[in-house]
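Engineer: Got a predicted structure plus its sequence, pasted below:
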Amino acid sequence: MKTQTYSLNLGPQHPSTHGVFRIILELDGETVVKATPVPGYLHRGIEKLAEARTYTQVIPYTDRMDYLAGMLMNWGYVQAVEKLMGIEVPERAEYIRVIVGELSRIASHMIATGAYGGDIGALTAFTYTFRDREYCIDLLEMVSGSRMTFSYFRVGGVADDLPGEFYPAARKFLADLPGMCDEYDGLITGNEIFQARTKHVGVITPEMGINYSLSGPTLRGSGVNYDLRKVRPYSVYDRLNFEVPLGKNGDCFDRFRIRIEEMRQCGKIIQQALDQIPEGSIQAKVPKVIKPPVGDAYAEVESSKGVYGCYLVSDGSPKPYRVHFRRPSFINLGYLAKLCEGWKIADVIAILGSIDIVLGEVDC
Amino acid sequence: MADYSIPADLMEALKNKFPGLEIQENRDVIVPAADLIPFMSEIKDNQDYAMDFLTNLTGADYKDRFEMVYNLVSMTHGYTLMVKVRIEDKEKPEIPSLCPIWGGANWQEREIYDLMGIVFTGYTGHPTRIFLDDNFQGHPLRKDFQWQGGREA
Amino acid sequence: MENIFIGIASSLRGFFSGLGVPDLYNDIIMLVVKLVSILVFILVNALWLVYMERRVCAFMQSRLGPIHVGPKGLLQSFADIGKLLGKEIILPKGIDLVVFLLMPVLIFVPPLLIYAVIPFGKDMVAVDMNIGVFYLLAVASLSTILFWAAGWSSNNKYSLIGGMRSVAQMVSYELPLILALLGVIMLTGTLNINQIVNAQNGIWFILTQPIAFLIYFIAGVAETNRTPFCLVEGESEIIAGPYTEYSGMGFAMFFLAEYANVMIISAMCTVMFLGGWLAPFGLDFIPSWLWFFLKMYVMIFIFMWVRWTYPRIRVDQLMGFGWKVLVPLSLANIFVTGVGMYIYRAIGW
């Protein structure tokens, strides 16, 4: 019998590409022969736009990259500017950054967890994580006045001090967090069908993960212990006690499970940060017009998706000469084509979901 | 902040091996374009450095040159290294592709080709645009690119 | 209460014969009346089920669901139907127009045909057929062809994949479905649905045939294309499967037909395993048709419960589960049933 393959255009409008992402699949029946990812439908040219803005004006643009973890996106950028200018950030500001950053990470992982349940077909998981994310977002709103695009970080510190009502609310959320994670474990992780769908699917070996510059839960799912907060501690992470959850098999299930474990660890980090936070200034002495000296700097933070870096070149003017963002989603996605080969259509969705991309960040 | 750069004696050994190497005071290295592939292979495969993780790959457009920036990390030793390559030819910028060494270079190089117009040679499938339309004219991150409605940079 | 519907039917019949209508025409009129009332019954139930599904789903997802249109949101389905009727029916390029437009209409035919033989209560069956189960299984498989034709005519690869999946799913799950019912038929020795119900007077077949019930339930979920076997729609993979290109009322027809099918599977579970309209524990002050509805709705609720709890399985796992687990299990069930029957007979129970 003569058979032939056909191509299926998955996206850009598709329920589970997490935005406007397109994969051209070459299919043999339901089996993927070749996958060609096509990003770029959300490309706004943030790097170019940033060249025409002042250093402070760039901060809101970084929110719009990984809009699910805006705080962390802010952080990577201001850290690069601070490195370039040699600014020492006050300790209280560092603690506030850790607190809001980890809250942002929890919010992002909650979406990743719920949306992954939706990708596999369990839509109920989605509403549970979104219900709990609401508490997290409320906390961030209390701090920054915004729910998604915070623009809360400033060069040399943060925009505002934590309000008084934040502390009890945060502690209440932290007390509830382990229960929420248990609920996700019970509803999604422990489900037989879910495990059958995700275990041993889309396996990334540690060697390939490193070779393809993957990072974040995608790399740690393969058992590579690479978390910047531990490997090269920035801010005050060296004073906080937490663990880095690692996977064993590098399959979709491990990548998914790690995110839930990370949420628990985030809770621990915030708890300690709330206990340790000192009084003091939240803003270093920074000139009104930020003019870094001529030169370049590259700084990285661990965002919810992986290593988020910012390469900054200054020509001494109030506007950055060149800004480049190393977006973890984008680079993690580079391995997708190889990862999908030989799996079914349903697995492509499972694999894509397990990488946890945000298209705002991929396309930048 | 702790120091994660490569120790001085190892840098010295590199300098001896690649005479064209230029080490800056903040321990960034500038490599001649011709030496790029051998240099990268050396620091990746030599277990003294074991720079096996290509974190970041980008480029910048200066008035007289293009500059490629590579950020490398060693998973085993924890070193970090910033490697820069100057491309003097502003008209037809070309540089060997790192895809044979790191798979992770692929998409990042495509991004730089797309936005900056630096052509990566020695790898099939390069150069192709990744974000912009295939029929798009020009490379937006170049300094001489002015788009309609854009603010004067 | 018990005989309310039968009473209406016989008084209607008496009214017509009083008018001097000959018996033959009277029979035809009565048949039409019965079928129309079943049609109305299905549609009203389907609308109610859409609402119920949304409420149950919302309850499981810690939401509220529709609450604003009408009291407790009861009129939401009607509002939706009104909206959908006003929508343009979009005809994509390159479709097989006749088939494409025919399918949303024909999709209601198999459910309608099936309801003719289902006893809603004591003596409340439109057509009392002596090969009822056989007829029912034959007709139930028809809807697969309609799904497939809808997918094929849409000129869309997602629709085609969905249609193909629907055929594959039917082929592998029709078998355990029928084999599971075979256990019941062996016990009763009849294909007449009324007699099967009456045979459960002493003990429901869910107790004597628990494995058959389980297999029938699982295969039934697969037959109605609901989670965890909703591969035909598979909204996170292939958008909406065969319905992808349908808009407005065309889509809504498929949607309502799904609920009609859910009702059938639940009704069949009730009739075959849960004693149909028989009252349990001698509680026969509640009319038989009400018992039937109660049992059917319990089954429907379980269907919804399953749907909003489980993820979707993959297409090869679906096949593997059907052929490697359900079919052997149902064959084993038939074997055990047969042996058991002989043992019971030998000990003269």
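Structural biologist: Received the coordinates, thanks.
Engineer: Neighbours of A:Val38, how many?
Structural biologist: Neighbours of A:Val38 under the rule other Cβ atoms under 10 Å in any protein chain shown: 15. Every residue, glycine included, has its C-beta placed from N, CA and C.
Engineer: From chain B, how far out is it?
Structural biologist: Plainly put, A:Val38 is 8 Å away from chain B if you go by Cβ to the nearest Cβ, to the nearest Å.
Engineer: Can you tell me the number of residues neighbouring the nearest residue to that residue once chain neighbours are set aside?
Structural biologist: In space, A:Val38 comes closest to A:Arg22 once its chain neighbours are excluded; the distance is 4.2 Å by Cβ to Cβ, 6 or more residues apart in numbering or on different chains. Per other Cβ under 10 Å, the neighbour tally for A:Arg22 reads 17.
Engineer: For A:Arg22, give me its contacts.
Structural biologist: Residues near A:Arg22 by Cβ atoms under 8 Å, 6 or more residues apart in numbering or on different chains: A:Asn9, A:Leu10, A:Gly11, A:Pro12, A:Pro37, A:Val38, A:Pro39, A:Tyr41.
Engineer: Quick check: phi and psi at it.
Structural biologist: phi -130, psi 140 (degrees, to the nearest 10).
Engineer: Where does pLDDT dip in the stretch 151-300 of chain C?
Structural biologist: Residue ranges of the stretch 151-300 of chain C with pLDDT under 70: none are present.
Engineer: Enumerate the residues of chain A near chain C.
Structural biologist: Chain A comes close to chain C at residues A:6, A:8-9, A:14-16, A:30, A:117-124, A:127-128, A:131, A:187-188, A:191, A:193-194, A:196-197, A:344-347, A:349, as judged by Cβ under 8 Å from any Cβ of the partner chain.
Engineer: My read is that C:Leu74 contacts C:Arg54, right?
Structural biologist: No: in this structure, C:Leu74 is not within contact of C:Arg54 by Cβ atoms under 8 Å, at 11.2 Å.
Engineer: Dump the contacts of A:Arg22 to CSV, plus secondary structure and pLDDT.
Structural biologist: Shown next, in CSV, are those (DSSP: H, G, I helix; E, B strand; the rest coil; pLDDT from 0 to 100):
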residue, secondary structure, pLDDT
A:Asn9, strand, 88
A:Leu10, strand, 86
A:Gly11, coil, 76
A:Pro12, coil, 85
A:Pro37, strand, 89
A:Val38, strand, 89
A:Pro39, coil, 87
A:Tyr41, coil, 88
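Engineer: next helix or strand past the one helix or strand B:Asn16 maps to?
Structural biologist: B:Asn16 is part of helix B:8-17 when elements are defined by DSSP states H and E. Next along the chain after helix B:8-17, taking DSSP H and E as the criterion, comes strand B:22-23.
Engineer: Parallel or antiparallel, list what pairs with the following helix or strand past that following strand.
Structural biologist: Next in sequence after strand B:22-23, counting helices and strands by DSSP H and E, comes strand B:29-31. Sheet pairing of strand B:29-31 (DSSP bridges) gives strand B:22-23 (antiparallel), strand B:80-87 (parallel).
Engineer: got a list of what the closest residue to A:Arg171 other than its chain neighbours touches?
Structural biologist: Leaving aside its sequence neighbours, A:Arg171 sits nearest to A:Leu274 (Cβ to Cβ, 6+ apart; 6.8 Å). By Cβ under 8 Å, 6+ apart, A:Leu274 lies in contact with A:Ile99, A:Tyr167, A:Ala170, A:Arg171, A:Leu174.
Engineer: do the helix or strand hosting A:Gly118 and chain B meet at all?
Structural biologist: In the assignment (DSSP H and E), A:Gly118 maps to helix A:91-120. No: Helix A:91-120 lies out of reach of chain B by Cβ under 8 Å from any Cβ, never closer than 12.2 Å.
Engineer: The very next helix or strand once past that helix to helix A:91-120, inter-axis angle?
Structural biologist: Once the chain leaves helix A:91-120, the next helix or strand it forms, by DSSP H and E, is helix A:123-144. Between helix A:123-144 and helix A:91-120, the angle comes out at 160 degrees (axes from the mean of the first three to the mean of the last three Cα atoms, to 10 degrees).
Engineer: buried set for helix A:123-144?
Structural biologist: A:123-133, A:135-137, A:139-140, A:143-144 (16 or more other Cβ atoms under 10 Å in any protein chain shown).
Engineer: who does whatever helix or strand comes next after it pair up with?
Structural biologist: Counting by DSSP H and E, the next helix or strand C-terminal to helix A:123-144 is strand A:153-154. Paired strands of strand A:153-154, with direction, are strand A:157-158 (antiparallel) (DSSP bridges).
Engineer: Give me the mean pLDDT for the partner strand.
Structural biologist: Strand A:157-158 shows an average pLDDT of 88 in the prediction.
Engineer: if we look at that strand, which residues are touching it?
Structural biologist: A:Val89, A:Pro90, A:Ala93, A:Ile96, A:Arg97, A:Val100, A:Tyr152, A:Ser281, A:Ile282, A:Gln283, A:Ala284, A:Val286.
Engineer: Residues of chain B that sit close to chain C?
Structural biologist: Counting by Cβ under 8 Å from any Cβ, no residue of chain B is near chain C.
Engineer: The residue nearest to A:Arg171 is in what secondary structure piece?
Structural biologist: Assignment of secondary structure by DSSP H and E places A:Leu274 within helix A:252-276.
Engineer: what's the angle from that helix to helix A:123-144?
Structural biologist: 30 degrees.
Engineer: Just give the number of residues close to the closest residue to chain C within chain A.
Structural biologist: Ranked by Cβ to the nearest Cβ, the top residue of chain A for proximity to chain C is A:Gly121, at 2.8 Å. Using other Cβ under 10 Å, the number of residues around A:Gly121 comes to 29.
Engineer: longest helix anywhere in chain C?
Structural biologist: For chain C, the helix that runs over the most residues, judged by DSSP state H, is helix C:23-60.
Engineer: could you say what helices and strands the next helix or strand after it packs with?
Structural biologist: Moving toward the C-terminus from helix C:23-60, the next helix or strand (DSSP H and E) is helix C:76-85. If contacts are counted by 3 or more Cβ pairs under 8 Å, 6 or more residues apart in numbering or on different chains; DSSP states H and E, helix C:76-85 sits against helix C:23-60, helix C:248-273.
Engineer: how about those, which one is nearest chain B?
Structural biologist: Chain B lies closest to helix C:248-273 among the helices and strands packed on helix C:76-85, at 33.4 Å (Cβ to the nearest Cβ).
Engineer: Just the CA coordinates for whatever helix or strand comes next after that closest one, please, in CSV.
Structural biologist: Counting by DSSP H and E, the next helix or strand C-terminal to helix C:248-273 is helix C:288-307. C-alpha atoms of helix C:288-307 as CSV (Å, rounded to 0.1, in the frame of the first residue of the first chain):
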residue,chain,number,x,y,z
SER,C,288,-42.0,3.8,37.6
TRP,C,289,-41.1,6.5,35.0
LEU,C,290,-39.8,8.7,37.8
TRP,C,291,-37.6,5.8,39.0
PHE,C,292,-36.3,5.5,35.5
PHE,C,293,-35.4,9.2,35.4
LEU,C,294,-33.8,9.1,38.7
LYS,C,295,-31.5,6.2,37.8
MET,C,296,-30.8,7.8,34.4
TYR,C,297,-29.8,11.1,35.9
VAL,C,298,-27.6,9.4,38.5
MET,C,299,-25.8,7.8,35.5
ILE,C,300,-25.6,11.1,33.7
PHE,C,301,-24.2,12.8,36.8
ILE,C,302,-21.5,10.1,37.0
PHE,C,303,-20.7,10.7,33.3
MET,C,304,-20.2,14.4,34.1
TRP,C,305,-18.2,13.7,37.2
VAL,C,306,-15.8,11.5,35.2
ARG,C,307,-15.6,14.1,32.4
